[in-house]
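1. Have a look at this prediction, sequence included:
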Amino acid sequence: MEENRFKGYRGIGKAVLEQHNVGVWSDVKVESTRGRFEGLILPRSVTADEHHIVLKLVTGYNIGIAADTVTKITEQGRREAHYKISEQSFPTDPRKPNIVLLGTGGTIASRLDYRSGAVIPSFSPGELYGSVPELADTCNLRTEKLFGVFSENMGPEQYVVLANRIGEIIADGIDGIVVGHGTDTMHHTAAILTFMVQNPPVPIVMVGSQRSSDRPSSDAAVNLINAVRAASQGEMAEVLVCMFGPTSHQYCLLHRGTRVRKMHSSYRSTFRTLGDTPMASVDAHGIKPFRADFNHRRNDRNVTLNTAFEQRVTLLYYYPNMQPDIVDAIVEKGYRGIVIAGTGLGHINKPIYAAIKRATDAGVHIYMTVQTLWGFVQMYVYETGREIMSLGVIPAGNMLPEVAYMKLCWTLGQTDDRDEVRRIMLMPVADEITTREPYNGYLVFQGAIPEVQDFLRRVMR
């Protein structure tokens, strides 16, 4: 019983709670040398130190109070938190489109585990949809949990299952598909799905959140609502990523699956289209396309599925002083493909040349991308680039490194013929290689620059 009352607390933290006759789930006022605080005492993580008391404030945020600064704790009651959200059956309206939400895990399907202090997969898709009743205004929603993993654990096993399930759902006559996914590798999955599920008749919209649903600043509900809007009302029958546009909840952006990347570790507006412009914005007023070059929704149930995937492919980020034994080791381990993220226009240092030649002579397929992310590989400009091409390295246009990696995995899953691999790699499926980048495809707001500051003063008054 005492263990539950002081769950996770030990040492000075536990002593302070005992002294003031309070425990976990006590609703308290805390006076300390650092100020006054009011909230709920939470359990401590099993891996945390003994020097702090964790309080969930009335705002919903959690803080740690150093135990040795506490002068008084007054209990006002107890209100044990319940984070379980019951699943609800959505009302069915035959006039509304039918949407399937596939759950794979990630923060959008997560809550805080106070035992470990970590965010863990918890909410089923049904719980998610029960917690966001606004979804019923847009569609008839059916949920299906395929996996319960964070996105770093997504891999070819999950990609194949997900792609095949999407194909089955399309054959069943659904009007749109939403895929709940962790944000860390969502751009990887968006790329491979674009190659595995080609020419779909309905939108396939990937969505995640940067902040879990138990946080007041969570973006989960807004992202999910807008993703369902895009899947049910949108005309873009492609693999798309739907996430916050600005840092606030004004609207979400729809990004093409082969031109999107996570660009910030914690901002809610982390996803950006690179080397191009986003496809559209979506909010409560509907979907506003920014461009017209997209595959339109169709009434048929036809889709091209190809779930080939070769796992012995790697992405090599070049750095100065890289040693040739790195490349030799990759070849010795039996890898069949290498995507290099080179410097500048697609360069590596001369000491690696011999190892690269040994690799291509051994049948390894090597493609060059740029670590600048924006821009094209241009290997005819400098002597370095021409030398590297003579070793058998093939420039990959303006493919993003992660996209090129996924496409090479997919391509080598189908063939090992050098000419055929090259043909597939360099034939665009969905703008992974473009003929040019728009002038407004590259825009960086750099703080303190006068024109940027002037712009911000005008538009963010």
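-> On my side now, so go ahead.

2. Give me the nearest residue to residue 295, chain neighbours excluded.
-> residue 237 (4.8 Å; Cβ to Cβ, 6 or more residues apart in numbering). Heads up, the C-betas are built off the backbone N, CA and C, glycines and all.

3. That neighbour and residue 299 touch, don't they?
-> No - Residue 237 lies out of contact with residue 299 (Cβ atoms under 8 Å); the separation is 10.8 Å.

4. Tell me who's in contact with the most centrally placed residue in the chain.
-> By Cα atoms, centre = their mean, the chain has its centre lying nearest to residue 183, at 2.0 Å. Going by Cβ atoms under 8 Å, 6 or more residues apart in numbering, residue 183 touches 106-107, 151, 208-210, 243, 262, 270-271.

5. ok, residue 249 to residue 425 distance?
-> According to Cβ to Cβ, to the nearest Å, residue 249 stands 39 Å off from residue 425.

6. re earlier: strands - which of the contacts of residue 183 land there?
-> 243, 262, 271 (DSSP state E).

7. rewinding a little: which of the helices or strands spans the residue nearest to the centre of the chain?
-> Under DSSP states H and E, no helix or strand contains residue 183.

8. same thing with residue 141?
-> Residue 141 belongs to strand 140-145, assigned by DSSP H and E.

9. That strand pairs with which strands?
-> strand 98-103 (parallel) (DSSP bridges).

10. can you give me the offset of the strand it pairs with from its chain's centre?
-> 18 Å (Cα atoms, centre = their mean, to the nearest Å).

11. For the biggest strand by length in the chain, name the packing helices and strands.
-> Ordering each strand of the chain by length in residues (DSSP E) puts strand 70-78 first. Under the contact criterion of 3 or more Cβ pairs under 8 Å, 6 or more residues apart in numbering; DSSP states H and E, strand 70-78 touches helix 11-19, strand 26-32.

12. give me that answer again for 10 Å
-> helix 11-19, strand 26-32, strand 35-41, strand 52-57 (3 or more Cβ pairs under 10 Å, 6 or more residues apart in numbering; DSSP states H and E).

13. can you tell which of those is closest to residue 201?
-> strand 52-57 (46.4 Å; Cβ to Cβ).

14. Can you list the buried residues in the closest one?
-> For strand 52-57, burial by neighbour count (16 or more other Cβ atoms under 10 Å) applies to 52-56.

15. Could I get those residues in JSON lines, plus columns for distance to residue 316 and pLDDT?
-> Shown next, in JSON lines, are these (distance: Cβ to Cβ, whole Å; pLDDT from 0 to 100):
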{"residue": "52", "distance to residue 316": "43", "pLDDT": "92"}
{"residue": "53", "distance to residue 316": "47", "pLDDT": "92"}
{"residue": "54", "distance to residue 316": "43", "pLDDT": "91"}
{"residue": "55", "distance to residue 316": "47", "pLDDT": "90"}
{"residue": "56", "distance to residue 316": "45", "pLDDT": "85"}
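
16. Which one of those residues is nearest to residue 355?
-> So of the buried residues of strand 52-57, ranked by how close each gets to residue 355 (Cβ to Cβ), first place is residue 52, at 51.0 Å.

17. coming back round to it: who has more neighbours, residue 249 and residue 425?
-> Neighbour count, other Cβ atoms under 10 Å: between residue 249 and residue 425, residue 425 has more, with 24 against 17.

18. Correct me if wrong: the more buried one contacts residue 412.
-> Yes - assessed by Cβ atoms under 10 Å, residue 425 is found in contact with residue 412 at 9.4 Å.

19. Overlap in contacts, those two.
-> Contact criterion Cβ atoms under 10 Å, 6 or more residues apart in numbering; residues shared by residue 425 and residue 412: 337, 365.

20. Identify the residues contacting residue 356.
-> Here residue 356 is in contact with 324, 327-328, 331, 338, 340, 348, 364, 366, 387-388, 391-393 (criterion: Cβ under 10 Å, 6+ apart).

21. so where does it fall, helix or strand?
-> For residue 356, the host element (DSSP H and E) is helix 353-361.

22. So which elements touch the next helix or strand after that helix?
-> Once the chain leaves helix 353-361, the next helix or strand it forms, by DSSP H and E, is strand 365-370. Using 3+ Cβ pairs under 10 Å, 6+ apart, the elements in contact with strand 365-370 are strand 313-317, strand 337-342, helix 353-361, helix 383-390, strand 394-395, helix 401-412, helix 418-426.

23. quick one, what contacts the closest residue to residue 394 other than its chain neighbours?
-> What sits nearest to residue 394 in space, not counting adjacent residues and going by Cβ to Cβ, 6+ apart, is residue 367, at 5.2 Å. When the contact criterion is Cβ under 10 Å, 6+ apart, the partners of residue 367 are 313, 337-340, 346, 377, 393-397, 399, 401, 404-405, 407-408, 411, 421-422, 425-426.

24. show me where the stretch 201-350 of the chain has helices.
-> 220-233, 324-332 (DSSP state H, counting those that start in this stretch).

25. Summarise which helices and strands the shortest one is packed against.
-> Helix 324-332 sits against strand 313-317, strand 337-342, helix 353-361, with contacts defined as 3+ Cβ pairs under 10 Å, 6+ apart.

26. can you do 6 Å?
-> helix 353-361 (3 or more Cβ pairs under 6 Å, 6 or more residues apart in numbering; DSSP states H and E).

27. what's the angle from the helix it packs on to helix 418-426?
-> 110 degrees (axes from the mean of the first three to the mean of the last three Cα atoms, to 10 degrees).

28. and helix 353-361, average pLDDT?
-> For helix 353-361, mean pLDDT rounds to 98.

29. Run through the stretch 1-150 of the chain and note the low-pLDDT ranges.
-> 1-3, 46-47, 80-90, 107-130 (pLDDT under 70).

30. Residue 195 and residue 410 touch, don't they?
-> Yes - taking contacts as Cβ atoms under 6 Å, residue 195 lies within contact range of residue 410: 4.5 Å.

31. Which residues does the residue nearest to residue 394 form beta bridges with?
-> Counting by DSSP bridges, the residues bridging with residue 367 are residue 339, residue 394.

32. So what are the structural domains in this protein, by residue number?
-> 2-78, 98-305, 313-426 (automatic domain parsing).

33. Now residue 64. Nearest residue, chain neighbours left out?
-> That would be residue 52: by Cβ to Cβ, 6+ apart, it lies 4.0 Å from residue 64.

34. Sorry, slip of the keys, the one I care about is residue 22.
-> In space, and not counting its chain neighbours, residue 22 is closest to residue 75: 4.8 Å by Cβ to Cβ, 6+ apart.

35. So for residue 237 and residue 299, which sits in the more crowded spot?
-> residue 237 (19 against 7).
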